[in-house]
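Enquirer: fold the following, please.
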Amino acid sequence: MSSKYAFTKALKEVRFLFCHSGEGSAATRTFLTRAYPTMKKNNPYTPILLREAAGTLPKVYARYGPFPPTTPSSSHSGNILTNSSRLAEFGKETSKSLEGLTDKQIEEAVTQLVKGDA
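Expert: Predicted coordinates for the structure are as follows:
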């Protein structure tokens with residue numbers, strides 16, 4: 001399991017949202033109880049955020065970047081950044097719903113996100 005959670009270098013943050021007591025989040029809670037220590041041990045400098053709130057549907061977010069701009073721009077010349085370079089400056093965020101998934105399916109979904117395959 002440890003190699004599954006060797007995060008890509010582009011990954012800046014992983015965030016889990018789920019309900020602390022709802023049945024729909026039970027598999028997410030089970031997965032996190034089992035996998036969080038391994039993920040954190042293999043990636044000590046990447047934030048892994050757990051957000052619990054009543055009635056929240058389980059979901060995972062992965063934030064990547066920032067990436068180098070695709071077009072050269074100079075802040076000294078007064079150029080306005082294009083939309084594509086603005087997106088490159090802030091990176092990207094991908095999410096996946098974990099609603100209705102089993103512990104094993106959650107593991108596969110998270111593995112894809114942290115490897116950047118999603």
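
Enquirer: hey, let's count contacts and neighbours off CA atoms from now on
Expert: OK.

Enquirer: C-terminal to the worst-scoring helix or strand of the chain on mean pLDDT, what's the next element?
Expert: For the chain, using mean pLDDT, DSSP states H and E, the weakest element among its helices and strands is helix 83-90, scoring a mean of 52. As assigned by DSSP states H and E, the chain's next helix or strand after helix 83-90 is strand 92-97.

Enquirer: partners of that next one, with directions?
Expert: Sheet partners assigned to strand 92-97 using DSSP bridges are listed as strand 59-64 (antiparallel).

Enquirer: what comes up buried for the longest strand seen in the chain?
Expert: Assignment by DSSP state E gives strand 11-18 as the longest strand of the chain. Going by neighbour count (16 or more other Cα atoms under 10 Å), the buried part of strand 11-18 is Leu11, Lys12, Glu13, Val14, Phe16, Leu17, Phe18.

Enquirer: correct me, but Thr28 touches His20?
Expert: No: assessed by Cα atoms under 8 Å, Thr28 is found out of contact with His20, at 9.8 Å.

Enquirer: quick one: end-to-end distance for stretch 49-66.
Expert: Stretch 49-66 has an end-to-end distance of 19 Å (criterion: Cα to Cα, to the nearest Å).

Enquirer: so, low pLDDT: which residues of this protein?
Expert: Within the chain, the segments meeting pLDDT under 70 span 1-3, 67-90, 118.

Enquirer: ranges for the helices of it?
Expert: Counting by DSSP state H, one finds helices in the chain at the ranges 26-42, 83-90, 103-115.

Enquirer: tell me the most buried of those helices?
Expert: helix 103-115 (a mean of 18; mean count of other Cα atoms under 10 Å).

Enquirer: chain center to that helix, what's the gap?
Expert: Centroid separation between helix 103-115 and its chain, computed with Cα atoms, centre = their mean, to the nearest Å, is 11 Å.
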